[in-house]
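In: okay, sequence plus prediction incoming.
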Amino acid sequence: MYNRMKELRARYNLTQEDLAKKVNVRRETIVFLEKNKYNPSLKLAHDISRVFQTAIEEVFIFD
Amino acid sequence: MKKGVLMILLAALIIIGVIIWLLHSSNEIKTGSLVMSGTILLVAGFAVALAVSKLKSAKEGLASEDELSRLIKDKASSRSYYVSLYWWLIMMYMSDKTLLATSTLIGVGILGMAVMFAGFWIYFNFKSKINV
């Protein structure tokens, strides 16, 4: 699985810290996610896709 | 926030304890004691660094703990527990083969577990892919 978080974050003009605050995680978690080093829980994936106002499968893409 | 402050207090107590132990031990400090106290200070320093990063996150309005940090902590705990089973076997073997006091061996065993936890935490936090 890979994700488009970095691209969407740039589109919404959000820093990693802003996104971390919005979904209530540490900034390190956003770094791990963007580097595809960590697969988030369904809840976190849902929260992130809500911030980007898009469907989960458009942020997190299964190969 | 509370957890971070508690961790710093505990680490400070340990550091003060080690310093008092070193100051009040016999005139010549043995290499073994120095290595042991150095390791204790390293583990305490690791705890302080963790606590400071938690407090910093809390001050910036970010979560001090989340699902990833809990996963890393759980993974480091389980891996260090698994490895420490072998570590204690080594300690049992050492108790038969060396003249070291049982209390020293227990101390080394506990310290070894702490070092293993810190090592695995660093490994999972900086090197590895977590659950990919």
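Out: On my side now, so go ahead.

In: where does B:Ser33 land on pLDDT?
Out: With respect to pLDDT, B:Ser33 scores 78.

In: surely it touches B:His24?
Out: No: using C-beta atoms under 8 Å as the test, B:Ser33 is too far from B:His24 to be in contact (11.7 Å). The way it works is simple: take the backbone N, C-alpha and C, and place the C-beta from them, glycine included.

In: these two: which has the busier surroundings?
Out: Taking other C-beta atoms under 10 Å in any protein chain shown, B:Ser33 and B:His24 do not tie; B:Ser33 has more neighbours (16 against 7).

In: can you map out the helices along chain B?
Out: In order along the chain, chain B carries the following helices (DSSP state H): B:2-24, B:31-59, B:67-97, B:102-126.

In: could you give the backbone dihedrals for A:Tyr2?
Out: Dihedral pair for A:Tyr2: phi -130, psi 170, per degrees, to the nearest 10.

In: burial check on it, number of neighbours?
Out: 10.

In: what does the pLDDT read for it?
Out: In this model, A:Tyr2 carries a pLDDT of 86.

In: that one and chain B, how far apart?
Out: A:Tyr2 is 10 Å from chain B, where distance means C-beta to the nearest C-beta, to the nearest Å.

In: low-confidence ranges in chain A?
Out: Along chain A, the model assigns pLDDT under 70 to no residue.
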